[in-house]
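**Q** sequence and predicted structure are below.
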Amino acid sequence: MSDLTTSYPVLTLVPPMLAIVLVIVTKKVLISLGAGVIAAALLIHDLNPLDAAVAVWQAFAAIFWEDGAVNTWSVYILVFVVMLGIVAAFIMMSGGTTAFAAWAVRRIRRRRGSLILPAVLGVIIFIDDYFNALAVGQISRPVTDQHRVSRAKLAYIIDSTSAPISVLSPVSSWGAYILGIIAPIVAASTLSVSSVEAFLGAAAANYYAIAAALIVWLVIVFRVDIGPMRAEERRAIVDGHAFDPDDDVPGQLSDDLPVHEPGAMRALIVPFALLVVGVLAGIIWTGYSAAGTWNIIDILAATDASAALMVGGVLGLASALYYYLRYTRSNREFSAATFGRGWIEGVKSMMPAIAILLPAWMLGSLITELGTGDYLGELVESASIPAGWLVPVIFLIAAAMAFATGTSWGSFGLLLPLAGGIINGMDEPTLLLPVLGAVLAGAVAGDHASPISDTTILSATGSSCNVVTHVITQLPYVASAALCALLGYVALALTGSTLIGLVVVAFALLAFVAIMRALVRPLAEAESTGS
């Protein structure tokens with residue numbers, strides 16, 4: 001911390017809150033993130049502009065080069081995002097997207113069915129949230145567009161079936177990371193459980209992830225469109241526009257790209273299948289190479305997810321290029337100029353996402369250096385409250401931390417050991433797993449609501465939805481799921497029972513649907529009657 005923030009630690013909250021407020025007020029993500037970056041750098045260096053400028057440059061440079069070597073984590077993710085844009089461009093140009101959409105329209109005849117597709121894919125592709133967010137949107141978007149589903153609704157479904165599912169599974173990149181953190185915490189307690197058993201116990205108390213995943217299905221089945229989402233859905237249904245044409249939309253390809261006709265579905269299915277297989281193979285191989293064992297938990301704990309994304313990206317890109325060249329050469333449609341345009345348009349489609357990711361990562365790095373998370377952690381330690389009530393309090397603080405920092409993993413790393421240490425110090429072993437679950441739940445909730453979160457940005461990119469539109473339309477659903485989770489934690493604090501807390505969450509979700517159905521008619525019915 002600087003002298004200024006040491007004297008006034010509450011100032012560490014200013015940069016993230018400034019960025020978040022500006023995003024909501026101005027709807028200008030880049031300007032808002034830039035303001036947060038500059039504010040953080042100035043506070044780190046006691047308002048010295050020259051030192052702050054150096055700090056901004058160092059934060060940017062560290063994305064590409066760190067500790068004397070290429071920062072492969074962030075560079076590989078950026079390259080994968082670009083490759084996915086190129087893959088989508090050549091799949092579209094080879095006619096794969098058109099063919100898949102035509103097939104889906106014949107098989108998926110109702111709007112609800114088009115919404116079920118990304119929800120099911122989101123549950124199936126649980127191994128990594130980044131891959132989930134980008135791949136599910138690319139596969140589902142032709143179908144949801146055909147059935148006049150707004151991009152905002154698609155982004156919401158993707159975001160709510162990526163991190164919430166990954167965080168509940170021990171066999172995912174999230175699960176492995178969490179297992180590595182909680183293992184020593186459990187070992188230091190008086191609980192007689194393995195680290196995997198402890199993870200599953202904490203997952204059962206992760207009320208937000210459970211509520212967020214369930215509320216998606218309730219929204220689909222009962223057609224619950226509330227707040228800004230209702231306006232987005234109305235435009236899609238009535239006007240046929242899946243997004244506002246004036247919005248800056250990441251991942252959106254040019255409408256006038258030449259498309260091979262007739263296309264074949266395999267031009268879409270094979271590249272994405274190889275993409276999935278490549279990512280899974282990369283996760284297993286990099287994990288085995290680092291861990292030296294075939295134990296699945298050890299493999300996931302040691303895997304290099306960004307390198308695995310590269311493996312899948314290369315395979316997907318190679319197959320997409322193969323089908324494009326095969327179809328265009330066989331029909332003598334190949335043109336070097338058109339081929340080059342496919343590369344350019346694919347890269348261009350992902351530039352808005354990369355432009356947002358870079359300052360978001362810079363802000364996250366500077367906030368860490370500033371000590372925002374440490375300050376919030378100290379608030380937890382200094383709180384003097386009964387042991388049972390730590391569960392809902394920890395949930396709220398974890399949500400605030402992830403919302404302000406834009407990272408659930410950073411919140412895990414700080415709060416899991418802190419909260420676990422507090423409970424172990426109190427000698428309250430029965431509360432350990434609920435408290436760990438509350439940390440996981442709060443961090444995912446805050447990350448979901450945060451406009452500076454990379455998963456928020458990538459979910460918007462995968463669905464080709466404006467980032468601010470995604471944040472604003474998703475917020476009522478995030479708040480509803482968070483409120484249901486909070487009620488569950490209050491019940492847990494009163495009864496000491498994780499099961500009773502889950503029952504309360506379930507009843508709260510049903511009450512949410514009942515109230516929304518009573519107050520707001522399903523949009524399709526409302527539009528058909530002209531209301």
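**A** Nice, thanks for sending it over. This one's a predicted model, so the numbers in the text were calculated from it and none came from an experiment. Numbering: from 1, shown residues only.
**Q** which parts of the stretch 401-531 of the chain are helices?
**A** Assigned by DSSP state H, counting those that start in this stretch, the stretch 401-531 of the chain shows helices spanning 408-426, 429-449, 454-462, 467-495, 498-519, 523-528.
**Q** er, the stretch 101-250 of the chain actually
**A** Using DSSP H, counting those that start in this stretch, helices in the stretch 101-250 of the chain cover 111-124, 129-146, 151-160, 163-166, 173-187, 195-204, 207-222, 228-234.
**Q** pLDDT score assigned to Asn331?
**A** Asn331 is assigned 69 on the pLDDT scale.
**Q** check Leu253 too.
**A** pLDDT, Leu253: 62.
**Q** go on, Ala449?
**A** Reading off the model, Ala449 has pLDDT 90.
**Q** for Thr498, same thing?
**A** pLDDT, read off for Thr498, is 93.
**Q** about what we covered before: quick one: closest of the helices of the stretch 401-531 of the chain to Val23.
**A** helix 467-495 (6.2 Å; C-beta to C-beta). Where you see a C-beta, it was placed from the backbone N, CA and C, and this is true even at glycine.
**Q** mind giving me the packing neighbours of that closest one?
**A** With contacts taken as 3 or more C-beta pairs under 8 Å, 6 or more residues apart in numbering; DSSP states H and E, helix 467-495 sits against helix 14-26, helix 151-160, helix 207-222, helix 228-234, helix 390-405, helix 429-449, helix 454-462, helix 498-519.
**Q** make JSON lines from these and add mean neighbour count and distance to Ala183 to it.
**A** Converted to JSON lines, those look like this (neighbours: other C-beta atoms under 10 Å; distance: least, C-beta to C-beta, whole Å):
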{"stretch": "helix 14-26", "mean neighbour count": "19", "distance to Ala183": "30"}
{"stretch": "helix 151-160", "mean neighbour count": "30", "distance to Ala183": "28"}
{"stretch": "helix 207-222", "mean neighbour count": "23", "distance to Ala183": "20"}
{"stretch": "helix 228-234", "mean neighbour count": "20", "distance to Ala183": "40"}
{"stretch": "helix 390-405", "mean neighbour count": "25", "distance to Ala183": "19"}
{"stretch": "helix 429-449", "mean neighbour count": "28", "distance to Ala183": "11"}
{"stretch": "helix 454-462", "mean neighbour count": "29", "distance to Ala183": "25"}
{"stretch": "helix 498-519", "mean neighbour count": "16", "distance to Ala183": "20"}
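**Q** adding distance to Ala41, write those out as JSON lines.
**A** Converted to JSON lines, these look like this (distance: least, C-beta to C-beta, whole Å):
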{"stretch": "helix 14-26", "distance to Ala41": "9"}
{"stretch": "helix 151-160", "distance to Ala41": "29"}
{"stretch": "helix 207-222", "distance to Ala41": "32"}
{"stretch": "helix 228-234", "distance to Ala41": "33"}
{"stretch": "helix 390-405", "distance to Ala41": "16"}
{"stretch": "helix 429-449", "distance to Ala41": "23"}
{"stretch": "helix 454-462", "distance to Ala41": "20"}
{"stretch": "helix 498-519", "distance to Ala41": "41"}
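**Q** double-check that Ile63 belongs to a strand.
**A** No. Counting by DSSP: H, G, I helix; E, B strand; the rest coil, Ile63 is not part of a strand but coil.
**Q** quick one, phi psi at Ala69?
**A** Backbone torsions for Ala69, taken as degrees, to the nearest 10, come to phi -150, psi 170.
**Q** how near is it to Val75?
**A** Plainly put, Ala69 is 11 Å away from Val75 if you go by C-beta to C-beta, to the nearest Å.
**Q** and Ala203, by the same measure?
**A** From Ala203 to Val75 the distance is 32 Å (C-beta to C-beta).
**Q** what does Leu50 give?
**A** Relative to Val75, and taking C-beta to C-beta, Leu50 is found at 28 Å.
**Q** quick one: which of these two has more around it?
**A** Val75 (16 against 8; other C-beta atoms under 10 Å).
**Q** before we move on, back to that, in CSV: the helices of the stretch 401-531 of the chain, plus distance to Leu4.
**A** Shown next, in CSV, are those (distance: least, C-beta to C-beta, whole Å):
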stretch, distance to Leu4
helix 408-426, 22
helix 429-449, 26
helix 454-462, 28
helix 467-495, 30
helix 498-519, 42
helix 523-528, 50
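**Q** could you list the low-pLDDT ranges of the stretch 1-150 of the chain?
**A** Counting by pLDDT under 70, the ranges of the stretch 1-150 of the chain that qualify are 1, 27, 105, 127-128.
**Q** over to the spatially closest residue to Ser365 that is not a sequence neighbour. Which of the three states is it?
**A** Leaving aside its chain neighbours, Ser365 sits nearest to Ala59 (4.8 Å; criterion: C-beta to C-beta, 6 or more residues apart in numbering). Using three-state DSSP, the structure places Ala59 in helix.
**Q** test my guess that Ala59 contacts Met362.
**A** Yes. Applying C-beta atoms under 8 Å, one finds Ala59 in contact with Met362, separated by 4.2 Å.
**Q** overlap in contacts, those two.
**A** Residues touching both Ala59 and Met362 (C-beta atoms under 8 Å, 6 or more residues apart in numbering) are Val37.
**Q** follow-up on the earlier one: the helices and strands packed on helix 467-495: which one's closest to Trp174?
**A** With C-beta to C-beta as the measure, helix 429-449 is the member of these nearest Trp174 (9.0 Å).
**Q** thinking again about what came up before, which residues touch the residue nearest to Ser365?
**A** Contacts of Ala59 (C-beta under 8 Å, 6+ apart): Val37, Ala41, Met362, Ser365, Leu366.
**Q** and which of those is nearest Ala183?
**A** Ser365 (26.9 Å).
**Q** what strand or helix carries that closest one?
**A** Applying DSSP states H and E as the criterion places Ser365 in helix 336-370.
**Q** same for that helix, what does it pack against?
**A** Applying 3+ C-beta pairs under 8 Å, 6+ apart, one finds that helix 336-370 contacts helix 14-26, helix 29-44, helix 49-61, helix 72-93, helix 305-330, helix 390-405, helix 454-462.
**Q** can those go into TSV with extra columns for distance to Glu233?
**A** Below are the helices and strands packed on helix 336-370 laid out as TSV (distance: least, C-beta to C-beta, whole Å):
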stretch	distance to Glu233
helix 14-26	21
helix 29-44	23
helix 49-61	38
helix 72-93	24
helix 305-330	31
helix 390-405	26
helix 454-462	17
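**Q** identify whichever of those lies nearest to Glu232.
**A** Each of these has some distance to Glu232 by C-beta to C-beta; the shortest is helix 454-462, at 12.7 Å.
**Q** show me where pLDDT drops low in the stretch 301-450 of the chain?
**A** Judged by pLDDT under 70, the stretch 301-450 of the chain has its weakly predicted residues at 331, 373, 376-377, 380-381, 383-384.
**Q** again, only this time at 90
**A** Scanning the stretch 301-450 of the chain for pLDDT under 90 picks out 301-310, 312-313, 323-339, 341-342, 345-390, 394, 397-398, 400-432, 450.
**Q** quick one: residues contacting the most centrally placed residue in the chain.
**A** Centroid check for the chain by C-alpha atoms, centre = their mean gives Thr455 as the closest residue, at 2.9 Å. Thr455 is in contact with Asp129, Tyr130, Ala133, Asp159, Ser162, Ala163, Ser408, Asp447, His448, counting by C-beta under 8 Å, 6+ apart.
**Q** no further questions, thank you.
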